[in-house]
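[1] Task: produce atomic coordinates for the following.
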Amino acid sequence: MIGALVALALAAAPGGDASVERRREEIARDILRLGLELRREVVAGDVAAIASRVPPEGLRCAGRLVPRARVERDLSTPGAWLHDALFGRKELAARGAPSLASLLRSSHDVAMGVSFAPDPRAGQVGRPCLEFRAKDAPPPGTPLCFEKRGGRWWLTESLYPCG
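    Here you go, the predicted structure:
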């Protein structure tokens, strides 16, 4: 299962030299494994598990920093945009898209894809971002982007619609 998903991930990665592509493949496999964990955590409504992936300093958001305490509060508060985008039971009316949890619960055919966004901190490889998609459903929010520090994958700025 992961092998097929890696092929999807690499198709989304722009070309480069062979060593960059090998590194992207390794990272994509890590992110897809993490995606399987995230899927279980989001469906279970495990706010603490998602919050544990937010770095101590918080999330970057269009040149600003959203403190971890605010991210944790927004994740655990029904009605807050972040909670509703991840765990809500209904569509977010402004977006017309389901929450991530609703998408994952309602469709057995949800694909995960990994792409690599340009980021000077990530070098030539780029910053890995994970998306969940289902046929006939708009994507639920922004991709979940990560950076690796101390052997652990951390979320970056990708939870809020920062523009």
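[2] Could I get the full set of helices for this structure?
    For the chain, the helices defined by DSSP state H cover 2-11, 18-43, 47-51, 68-76, 81-87, 100-106.
[3] Check which residues of the last one are buried.
    In terms of neighbour count (16 or more other CB atoms under 10 Å), helix 100-106 has its buried residues at 100-104. All C-beta atoms are positioned from the backbone trio N, CA, C, and that covers glycine.
[4] again, but for the shortest one
    Neighbour counts using 16+ other CB under 10 Å place 47, 50-51 of helix 47-51 among the buried residues.
[5] Just name the closest of the residues you listed to Pro128, please.
    Taking CB to CB as the measure, Ile50 is the one of the buried residues of helix 47-51 closest to Pro128, at 17.3 Å.
[6] which residues touch the closest residue to Leu82 other than its chain neighbours?
    Using CB to CB, 6 or more residues apart in numbering and skipping residues adjacent in sequence, the residue nearest Leu82 is Asp74, 3.9 Å away. By CB atoms under 8 Å, 6 or more residues apart in numbering, Asp74 lies in contact with 80-83.
[7] cool, Ala85 as well?
    Applying CB under 8 Å, 6+ apart to Ala85 gives the contacts 92, 99-100, 140-141, 159.
[8] Now distance to Ile27 too, for those, in TSV please.
    Conversion of the contacts of Ala85 to TSV gives the following (distance: CB to CB, whole Å):
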residue	distance to Ile27
Leu92	30
Ser99	27
Leu100	21
Pro140	23
Gly141	22
Leu159	20
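[9] could the helices of the chain be laid out in TSV, adding distance to Ser115 and mean pLDDT?
    Shown next, in TSV, are the helices of the chain (distance: least, CB to CB, whole Å; pLDDT from 0 to 100):
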stretch	distance to Ser115	mean pLDDT
helix 2-11	7	44
helix 18-43	9	94
helix 47-51	21	95
helix 68-76	23	94
helix 81-87	19	88
helix 100-106	17	88
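[10] so which of those helices is the most packed in?
    helix 81-87 (a mean of 21; mean count of other CB atoms under 10 Å).
[11] center of this protein - which residue?
    Most central residue of the chain, judged by C-alpha distance to the mean C-alpha position with CA atoms, centre = their mean, is Leu144 at 1.8 Å.
[12] Touching, Ala49 and Glu41? I think so.
    Yes - under the criterion of CB atoms under 8 Å, Ala49 makes contact with Glu41 at 4.1 Å.
[13] right, and the helices of the chain - which one's nearest Arg121?
    helix 18-43 (13.9 Å).
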